Structure formats: structure tokens, C-alpha cells
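# sequence plus predicted model, see below.
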Amino acid sequence: MGGPADVRRVVNRVSPRVFLRRRYGEGPLHLLLLAATFALAGYAGVRLLAGDTFAVAVWFIGSALLHDLVLLPLYASADLVVRRSLGPRTGLVNYIRVPAFLSGLLLLMWWPLITRHAVRYEPYSGLSLDVFLGNWLLITGLLCAGSALLLVVRTVRSRRGEGRGGQPTAVRGGRPQG
């Protein structure tokens, strides 16, 4: 009792949270959410593959190839064009990326209704197919206007702080100049 061996045991004893962070790299909540995500994906996969397995596999492989061979080069080159056109003000690129991403995501989700190729969904939506294109354009315009308004507000705030020794991060790309 009270010898060097007891002291070593007490000193080397680590809480489970610290042990998990050292071994796993993140906290227990991250591990729990990751496990829940895998469980949900597994459940969805089992339910999806219970039907026509071959058609699901073809759709999955086709969508992966379409993304990797067509869409990824397309939006990567569009992002490169935007970044080059902005020059040294690289901090402004997110004011273009975010509304473009959200608009593209909405277009992807509502593609059949926006292009009027989904007559079978019309009774479920309760709306005519003629309104979806206008609604998507309106939402896209509002996203771009909101992003522009946010840029103006941040630029004005940073310029006001400039006289007090602050850096206008919205204009200079988020990096201190000097």
C-alpha cells in the first residue's frame, strides 16, 4: 500500500475519453455518430438491394463514373476559372461557391420537376410542373443576392475596423497583409 507500484498504476490510469481520443483521434460523440451513419447506410443498402439488385448496382456504378469523369472535372475547372478571375482576393471565392453549390444541389434533387419530365410526380406535389423552373430560378437568385449582401456587410464592417487597426479580411482574402 502506497509503494511505487501503486503510484505508477494511478499515474498511468487514463480516463476512457482521453484513451479514446488518443487511440481513435476524436471524441466519443464522433465515433457514435460515425457508427450511426454506417448503420443507417447499411440499412438503406439492405432495403435498396432487396429489390432489383442488378439495376441498383448499374445505377450506383454509373453515377460514380458520371461524377468522377464528367461532373468533377466540370466543377473543378469552373472553380479554377472563378479563382483565377478573382486574382489575389481568394477569400471572395466562397461567396460564389456556396450559392452555386446550393443551387446545383437543388437542381439535382428537383431535376425531373424542373425539366418537366415527371408527370407522375405532379399529383403528389400538388403543383403544376410549370412552377418548378421559376421557383428554382427565384431561389438561386435569392441565394446569390444573400451572398452578395453578406459580402457587402462584411466588407463595410472590415473597412470600419480598418481605421482602428483591424484587417479587412473579406477583401484581402482572409490573410493578414504585411
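Structure's in. What do you need? Numbering: from 1, shown residues only.

# quick one: what helix or strand has the residue nearest to the spatial centre of the chain in it?
With distances taken as CA atoms, centre = their mean, residue 101 lies nearest the centre of the chain, 8.3 Å away. For residue 101, the host element (DSSP states H and E) is helix 94-109.

# which strands and helices lie in contact with whichever helix or strand comes after that helix?
Going down the chain from helix 94-109, the next helix or strand is helix 111-114, by DSSP H and E. Packing partners of helix 111-114 (3 or more CB pairs under 8 Å, 6 or more residues apart in numbering; DSSP states H and E): helix 131-162. For glycine as for every other residue, the C-beta is placed from the backbone atoms N, C-alpha and C.

# elements contacting the helix holding residue 101?
Taking 3+ CB pairs under 8 Å, 6+ apart as the contact cut, helix 94-109 packs with helix 72-86, helix 131-162.

# now the shortest one, how far from the chain's geometric center?
Spelled out, that is helix 72-86. 17 Å (CA atoms, centre = their mean, to the nearest Å).

# that one vs helix 94-109, what angle?
Calculated by axes from the mean of the first three to the mean of the last three CA atoms, to 10 degrees, helix 72-86 forms an angle of 150 degrees with helix 94-109.

# could you export helix 72-86 as CSV, CA atoms only?
C-alpha atoms of helix 72-86 as CSV (Å, rounded to 0.1, in the frame of the first residue of the first chain):
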residue,chain,number,x,y,z
LEU,A,72,-15.8,16.6,-61.1
PRO,A,73,-13.7,18.0,-64.0
LEU,A,74,-16.6,20.3,-64.9
TYR,A,75,-17.0,22.0,-61.5
ALA,A,76,-13.3,21.8,-60.7
SER,A,77,-12.5,23.8,-63.9
ALA,A,78,-15.3,26.2,-63.1
ASP,A,79,-13.9,26.8,-59.7
LEU,A,80,-10.4,27.3,-61.2
VAL,A,81,-11.9,29.9,-63.6
VAL,A,82,-13.6,31.8,-60.7
ARG,A,83,-10.4,31.7,-58.6
ARG,A,84,-8.2,33.0,-61.4
SER,A,85,-10.7,35.7,-62.3
LEU,A,86,-10.6,37.0,-58.7
